[in-house]
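Chemist: My questions concern the predicted model and sequence given below.
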Amino acid sequence: MTFRRPRRPDATIELTPLIDVVFLLLIFFMVTSTAVRETVLSVILPEAHGESMRSTETVLEIVVSDQNEVWIDGELLDVVSYSSIQSHLRGNDSSNTDTHVLIRGDGEADHATVVLVLDALGGLGMNNVRILATEPD
């Protein structure tokens, strides 16, 4: 007596799950590739049209050099940090909220250093801040 062997199902590859996985991988790589940004951008600083400061006002001058050094009224800060800027301004009695502040940021200075200075001034309540820009040609 001969028995028939049960027939094996044909091996097939289901395409639907395979296509789903491929699309998920494609979406994953597209999303993660947009997170990579260039760190160095060439920026042309804007020209300013507006009124200049009156010369009779007392002005606190803050200079950010191309080496990211911060000078407050001609004095170089040893360490450029939020707390060192605030303590220097408090120590010189310059932290009056009515004081006019002029920031001279070099075109080659890091944007982050100028923002750090602005944050420190804002933390002291010094809101009368102007940033020096070049005159249009």
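Modeler: Received the coordinates, thanks.
Chemist: low pLDDT regions in this protein?
Modeler: 1, 34-57, 93-97, 133-137 (pLDDT under 70).
Chemist: Helices along that one, start to end?
Modeler: 15-33, 82-91, 111-123 (DSSP state H).
Chemist: Those helices into TSV, with extra columns for mean neighbour count and distance to Thr58?
Modeler: (Glycine included, C-beta is placed from N, CA and C.) Below are those laid out as TSV (neighbours: other C-beta atoms under 10 Å; distance: least, C-beta to C-beta, whole Å):
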stretch	mean neighbour count	distance to Thr58
helix 15-33	10	52
helix 82-91	15	14
helix 111-123	16	16
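Chemist: Save those as JSON lines, and put in distance to Ile103 too.
Modeler: As requested, those are exported to JSON lines (distance: least, C-beta to C-beta, whole Å):
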{"stretch": "helix 15-33", "distance to Ile103": "37"}
{"stretch": "helix 82-91", "distance to Ile103": "11"}
{"stretch": "helix 111-123", "distance to Ile103": "6"}
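Chemist: mind checking which of those helices is nearest Val129?
Modeler: Closest of these to Val129 is helix 111-123, at 5.7 Å (criterion: C-beta to C-beta).
Chemist: Pull the CA coordinates from the closest one and hand them back as CSV.
Modeler: Provided in CSV are the C-alpha atoms of helix 111-123 (Å, rounded to 0.1, in the frame of the first residue of the first chain):
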residue,chain,number,x,y,z
HIS,A,111,26.5,84.9,16.3
ALA,A,112,26.3,82.8,19.5
THR,A,113,28.6,85.3,21.3
VAL,A,114,26.4,88.3,20.4
VAL,A,115,23.3,86.4,21.4
LEU,A,116,25.0,85.5,24.7
VAL,A,117,25.6,89.2,25.4
LEU,A,118,22.0,90.0,24.5
ASP,A,119,20.7,87.3,26.8
ALA,A,120,22.9,88.6,29.7
LEU,A,121,21.6,92.2,29.1
GLY,A,122,18.0,90.9,29.0
GLY,A,123,18.5,89.0,32.2
